[in-house]
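Trainee: Dropping the sequence and predicted coords here.
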Number of protein chains: 2
Amino acid sequence: MATKIITISREFGSGGRTIGREVAQRLGIPFYDKELVDQIALKTGFAPTFVEENGEHSPSASRFAYAFAHQAVPGVMNGMSTADFLWSIQCSVIMQLAEEGPCVIVGRNADYILKDRSDVLDVFIHADLDFRADRIVRLYGESEKSPETRLQEKDKRRKVNYQHYTGRTWGNALNYHLCLNSAKLGLETCVDLIVAAATRPE
Amino acid sequence: MATKIITISREFGSGGRTIGREVAQRLGIPFYDKELVDQIALKTGFAPTFVEENGEHSPSASRFAYAFAHQAVPGVMNGMSTADFLWSIQCSVIMQLAEEGPCVIVGRNADYILKDRSDVLDVFIHADLDFRADRIVRLYGESEKSPETRLQEKDKRRKVNYQHYTGRTWGNALNYHLCLNSAKLGLETCVDLIVAAATRPE
């Protein structure tokens, strides 16, 4: 196929992860989401939950955790902030995975990290607020914050992180080859469209 | 089909018009581009070339033409600027066309004008600068300005017009259900994906 790597960026609660997993299954290629977190955790010495929480979030939020986290890898971070250190390891892990062969990578600014490769299809999944609010309550349960507040906080952190490390505007269609509204199209149609785009004739 | 109306917004030179025409042919539904301009011209009394030139461009540029154009419809414009008058007619023509049945509408902020309908699929077509530069030279020939300058000028005018009348940011993926990079995917695949999205199972 013309496309070897598919990166999926997504709004929280839009179903991007589920869509990515299904695309990988249909194409019979590896799916990196949690596995990516584990590999980064292994290389940095940070706990997977810490990587999960900070790998896509705003650097200021990550800096807050610096005092605790940098103990994990004494002498390795060379004066970098936790966020910058995490970013540099994330870049090298993602570039290495892309070298290993076809795969689907969800999140972690992989679209930007792999921007110099021509065999990548960059996808962005978004959805209306009420669709996402309903979905996160079903998937992750209620919390003391309203689903709308949880979405806004998570969106903001991803946005700031993306802008900080890529210099691009989050959600700008020009950064992606294919952007899909999963609330309008449905998750199954999103999978169909991504597979069709990835396996298009040369 | 779940979708009755397809609106196609596009960067100049991205092939959005060609894609829209092909989608309409495949689905066997009317295609409004030039026809839309003619209808607006008829209702306003402006020349089709004037409508074509100003219907998607920045209001400041349109105001420049006010002194000549408002002569066409004395007493009808009620003190509105040419641009605002054109916009109000454009809205009513587009809403009426959508009422008449399934169709494809290219440009003229139809995505925003029809935002309250649930049977609309909003598509945005964009492409890399070199792809578009090459395409406009092949389609429209050379001019004294470089293709890059022509693209930047046209992009800017559409962007300002869109922002002025819709309050939205041009090219923001969240405004559309489907955004496609025609340089990456190819025009034919864009047609396939739009048709698949428009005819998805309910």
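Mentor: Great, that's in hand.
Trainee: how about the helices in chain A?
Mentor: If DSSP state H is used as the criterion, the helices of chain A fall at A:16-27, A:34-44, A:48-54, A:59-64, A:66-69, A:82-100, A:110-113, A:129-140, A:147-166, A:182-185, A:187-198.
Trainee: could those helices go into CSV alongside mean pLDDT, mean neighbour count and distance to B:Ala2?
Mentor: Where you see a C-beta, it was placed from the backbone N, CA and C, and this is true even at glycine. Formatted as CSV, these follow (pLDDT from 0 to 100; neighbours: other CB atoms under 10 Å in any protein chain shown; distance: least, CB to CB, whole Å):
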stretch, mean pLDDT, mean neighbour count, distance to B:Ala2
helix A:16-27, 96, 20, 19
helix A:34-44, 77, 18, 34
helix A:48-54, 75, 18, 36
helix A:59-64, 48, 17, 40
helix A:66-69, 46, 14, 48
helix A:82-100, 86, 19, 36
helix A:110-113, 94, 23, 29
helix A:129-140, 90, 16, 16
helix A:147-166, 89, 17, 26
helix A:182-185, 96, 24, 9
helix A:187-198, 97, 21, 10
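Trainee: export the ones you listed to CSV and tack on distance to chain B?
Mentor: Shown next, in CSV, are those (distance: least, CB to the nearest CB, whole Å):
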stretch, distance to chain B
helix A:16-27, 13
helix A:34-44, 23
helix A:48-54, 25
helix A:59-64, 23
helix A:66-69, 33
helix A:82-100, 17
helix A:110-113, 12
helix A:129-140, 10
helix A:147-166, 11
helix A:182-185, 4
helix A:187-198, 4
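Trainee: what about the ones you listed, which gets the closest to B:Lys184?
Mentor: Of all the helices of chain A, helix A:187-198 sits nearest to B:Lys184, with 8.7 Å by CB to CB.
Trainee: Please name the residues that touch A:Gly186.
Mentor: Residues in contact with A:Gly186 (CB atoms under 8 Å, 6 or more residues apart in numbering or on different chains) are B:Arg200.
Trainee: make it 10 Å
Mentor: Residues near A:Gly186 by CB atoms under 10 Å, 6 or more residues apart in numbering or on different chains: A:15, A:180, A:192, B:2, B:197, B:200-202.
Trainee: now, which of the residues you listed lie within strands?
Mentor: A:Leu180 (DSSP state E).
Trainee: Can you turn the buried subset of the contacts of A:Gly186 into a selection I can paste into PyMOL?
Mentor: Buried residues among the contacts of A:Gly186 (16 or more other CB atoms under 10 Å in any protein chain shown), as a PyMOL selection:
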select buried, (chain A and resi 15+180+192) or (chain B and resi 2+197+200)
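Trainee: Can you tell me which of the contacts of A:Gly186 is nearest A:Asp116?
Mentor: The closest of those to A:Asp116 turns out to be A:Leu180 (CB to CB; 24.4 Å).
Trainee: what's across from the closest one in the sheet?
Mentor: A:Leu180 has these beta-bridge partners by DSSP bridges: A:Ile125, B:Leu178.
Trainee: per-residue pLDDT, it?
Mentor: Note for A:Leu180: predicted pLDDT of 98.
Trainee: right, and it touches A:Cys190 too?
Mentor: Yes: using CB atoms under 10 Å, A:Leu180 is in contact with A:Cys190, at 4.8 Å.
Trainee: intersection of neighbour lists for the two?
Mentor: A:8, A:14-16, A:19, A:123, A:125, A:127, B:178, B:197.
Trainee: related to what we said a few turns ago, so which of the contacts of A:Gly186 comes closest to B:Pro102?
Mentor: Nearest member of the contacts of A:Gly186 to B:Pro102, counting by CB to CB, is B:Ala2, at 11.3 Å.
Trainee: Hmm, the closest one is touching B:Ala196, no?
Mentor: No: B:Ala2 is beyond contact range of B:Ala196, at 11.8 Å (criterion: CB under 10 Å).
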